[in-house]
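Student: one predicted model, sequence on top.
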Amino acid sequence: MDIRTCYISVQAKTIMENQGDAAYEFEIKASQEDIEKLRELFEVMEEYDEGTYIRAHLAGIAYHLDSDNDGYDDTLKEIYSMIAKLGTEETKDIVMKMDLENLGNWTSP
């Protein structure tokens, strides 16, 4: 199995093999299968993101009652879980310090 170093930007939804191609947040060691799965998750997250954009323009639908937001949050957790599993020690440390259990539980002041 061919394992290669990849540089991941969750914010930009990108997976790069060359460190200097663009800004990134995480470094992982991944097989081609892992890379394809991560790409699929980014695509799913993008679809949910489009749905949340539409909901944001409709008054009266609360965040916690919107299935697109739930799907986005769940997919984001799955992405971070995969990054933690495949990440370098530094990447694993960063992801483990993130409060992923409370993702989506934000309430306005």
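Tutor: Happy to help now that I have it.

Student: now the helices for this structure?
Tutor: Along the chain, counting by DSSP state H, helices occupy 32-56, 67-86, 89-97.

Student: can you report how many residues lie near T88?
Tutor: 13 (other C-beta atoms under 10 Å). (Each C-beta comes from the backbone N, C-alpha and C, glycine too.)

Student: that one touches Y7, doesn't it?
Tutor: No - the pair T88 / Y7 is not scored as a contact, 10.6 Å apart, by C-beta atoms under 8 Å.

Student: right, and the helices of the chain - which one's nearest I15?
Tutor: Nearest of those to I15, taken as C-beta to C-beta: helix 32-56 at 5.9 Å.

Student: can you pull the buried residues of that closest one?
Tutor: Residues of helix 32-56 classed as buried: 34-35, 37-38, 41-42, 44-45, 48-49 (neighbour count, 16 or more other C-beta atoms under 10 Å).

Student: average pLDDT across it?
Tutor: For helix 32-56, mean pLDDT rounds to 91.

Student: give the other helices and strands that that helix contacts.
Tutor: With contacts taken as 3 or more C-beta pairs under 8 Å, 6 or more residues apart in numbering; DSSP states H and E, helix 32-56 sits against strand 14-16, helix 67-86.

Student: which one of these lies closest to M96?
Tutor: helix 67-86 (6.5 Å).

Student: how far away from the center of its chain is that closest one?
Tutor: The chain centre lies 5 Å from the centre of helix 67-86; the measure is C-alpha atoms, centre = their mean, to the nearest Å.

Student: who are the packing partners of that helix?
Tutor: Applying 3+ C-beta pairs under 8 Å, 6+ apart, we find helix 67-86 packed against strand 26-30, helix 32-56, helix 89-97.

Student: okay if I get those as CSV plus distance to N69?
Tutor: Converted to CSV, the helices and strands packed on helix 67-86 look like this (distance: least, C-beta to C-beta, whole Å):
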stretch, distance to N69
strand 26-30, 24
helix 32-56, 6
helix 89-97, 21
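
Student: cool, thanks, signing off.
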